[in-house]
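Colleague: I need the structure of the sequence given here:
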Amino acid sequence: MLTRNFAIAAIFCITLLAQPARSQDAQKIVDQYIKAAGGSKALSKAATVIIEGTFHTPDGKTGTYTLNTKLPNRYYSELVTGDVSLIEAYNGKSAWHRTANGEFSTLVGADGAQLEAAGQYYNSHLVAAKRNKLGVGFAAYSKVRGRDALEIELTTMTGVKRHVFFDSQTHLIVKEEATIGGIDEQLLYDDFRSVNGQKIPYKIELHRGTETYDITVTRAEVNGTVGERVFDFPKKSQVQLPDLKALFKEIDENQKTIDKLKENYAGTRSEEETEYDKTGKISKRELHEYSFFYLSGHEVSTLVKKDGKQLSDEEQKKENEKVQKEIQDIEKRDAKKEAKEEKAKEEGKEKKDDDVGIETFLRACQFVNPRRERFRGQDVLVFDFEPNPDFKPHKLAEKVVHELAGVIWIDEKARDVARLEAYFVGDFRFGGGVIANLQKGTSFVFEQAYINNEVWLPTYEEAHVGVRVLLVKAFKVNEITRYSDYRKFNVESIAAIAKPKDAANPPAATESPNPKPPLT
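Modeller: Below you'll find the predicted structure:
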């Protein structure tokens, strides 16, 4: 009996040892690192970090390496071999790189998000991961150069992942794995020395794609002077900004024409919404597909699929009824608005425009780093924008605009926006934070394309939202929306939703062949 009990106990112990560490252990691993690397106080005060060194490669090449970081999210990495300089950078508004053939370009999509994530990661020093919107989850027990290591997975608000390995004895970071600017990288660290209260590795082995660089650090400085220009798009590749007031005015006027033309089109919209838990793991995912058309500047959508499945007859009937009501509400609002405008005109009063338009955007933001590039096969003007410190917002919409930083792509010839990326530089509170708190780092992307050589229509939207509602529940949600199958609008296009008769007579048009717009 004693032998049997011993055997059961032994099996129980082995089973426990075989289990992966609990998810909450990931934060304990990070806390041990913070203590070993210099403590939270020293790490949080590291406004800048400068690392410079020399390297050699297995095939005999030599060169120099530079890494600069600066709060809150600036990042600059450079490898120089002879006349070849490889640069990857994020300036807090846009990501860019210099390739081996000497070309500079702004990075978009996943490549740009990876550089933004690198800036966030290196500047956080893993202090206050939750506040810095980093999901922290245990990944595995591992080995790095024959030594025991603990691996965690970090997930940013935009869903970018990085694997970090901590030495089980020293608790310092000995390895990192991530994709940076579309290139897989591994960094192994050794020979840690204290620099201004922070442990810095003086030996770095960088695996970048198929290349390996053995780097010996020759200079490391914490809180040294690093100017903002270090991270910005190179001055020599910039151009003179045009008259933005005139340009944006033309875009605004062009948009009014486009809004009318949009009503000749119908299409398909798919939405993928993903919710994450605090470790960065997916806790919920939903897929929806809609058919839609435009009415009085509004996108009227009918749900047709949920998670890849068609709606039942009863569900579709309810959806169609909901859309009918939406159409009627739009028409009522339009009629009411027209009546008010007509009355104001009769009384000789000018209607006040409560919308925040181009003028507010020009005053609330400052525009920097203009350059001309190719985007989706078109020549575009690209420039960064950030809050203007001299602007004092009053209206809610003004306050929203003043909290944004990002980058914009403009097709000057067509006078419209091809792409926009923006994020909130700080928390934005609705109702003093009681109703909702839109968290710092919440970001969005918008793209549109020129369809049928006639009209600009949306092709892609992306949102990464961190929000706390009613001071209670916090959500971290990513949503990707893709627009496709644009076609000329006709009565048959809306038969399924039984649009009211007076709204069902758009200009006659025949179905025209139209390839899907490019999607990100």
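Colleague: which stretches of the stretch 351-500 of the chain form helices?
Modeller: For the stretch 351-500 of the chain, applying DSSP state H, counting those that start in this stretch gives helices covering 358-364, 396-402.
Colleague: ok, of those helices, where does mean pLDDT dip lowest?
Modeller: Least confident of these, judged by mean pLDDT, is helix 358-364 with a mean of 82.
Colleague: Residues touching that helix, excluding its own?
Modeller: With CB atoms under 8 Å, 6 or more residues apart in numbering as the test, helix 358-364 has contacts from 244-245, 248-249, 251-252, 387-388, 391, 393, 397-398, 401-402. Backbone N, C-alpha and C define where each C-beta goes, glycine included.
Colleague: and it, how far out from the chain's middle?
Modeller: What separates the centre of helix 358-364 from the centre of its chain is 23 Å, taken as CA atoms, centre = their mean, to the nearest Å.
Colleague: can I have that helix written out in PDB, keeping just the CAs?
Modeller: This file holds the C-alpha atoms of helix 358-364, laid out as PDB (Å, rounded to 0.1, in the frame of the first residue of the first chain):
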ATOM      1  CA  ILE A 358     -10.000  71.000 -43.000                       C
ATOM      2  CA  GLU A 359      -9.400  74.300 -41.300                       C
ATOM      3  CA  THR A 360      -9.400  72.600 -37.900                       C
ATOM      4  CA  PHE A 361      -7.100  69.900 -39.100                       C
ATOM      5  CA  LEU A 362      -4.700  72.500 -40.400                       C
ATOM      6  CA  ARG A 363      -4.700  74.400 -37.100                       C
ATOM      7  CA  ALA A 364      -4.800  71.400 -34.700                       C
END
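Colleague: Looking at the contacts of helix 358-364, which are in strands?
Modeller: If you go by DSSP state E, the contacts of helix 358-364 have P387 in strands.
Colleague: What is the nearest of the contacts of helix 358-364 to A149?
Modeller: The closest of those to A149 turns out to be P387 (CB to CB; 41.5 Å).
Colleague: got a pLDDT number for the closest one?
Modeller: For P387, the predicted pLDDT is 94.
Colleague: what does R74 give?
Modeller: If you check R74, the pLDDT there is 97.
Colleague: Quick check: the gap between the residue nearest to it when sequence neighbours are not counted and L126.
Modeller: Spatial nearest neighbour of R74, excluding adjacent residues (CB to CB, 6 or more residues apart in numbering): F231 at 4.5 Å. Relative to L126, F231 is positioned 21 Å away (CB to CB, to the nearest Å).
Colleague: How about the contacts made by G297?
Modeller: D259.
Colleague: Is Y290 bridged to anything, and to what?
Modeller: For Y290, the beta-bridge partners are R269, L303 (DSSP bridges).
Colleague: Tell me, what's the model's pLDDT at the residue nearest to R74?
Modeller: Per-residue pLDDT puts F231 at 97.
Colleague: my guess is it meets K93, correct?
Modeller: No. Assessed by CB atoms under 8 Å, F231 is found out of contact with K93, at 9.4 Å.
Colleague: what about the stretch 351-500 of the chain, any weak spots by pLDDT?
Modeller: Where the stretch 351-500 of the chain drops to pLDDT under 70, the residues are 351-357, 431-436, 468-475, 489-500.
Colleague: which stretches of it form strands?
Modeller: For the stretch 351-500 of the chain, applying DSSP state E, counting those that start in this stretch gives strands covering 365-375, 378-387, 404-411, 416-424, 428-430, 436-438, 443-451, 455-469, 473-488.
Colleague: And those: which comes nearest Y294?
Modeller: Between Y294 and these, the shortest gap by CB to CB is with strand 455-469, which sits at 9.1 Å.
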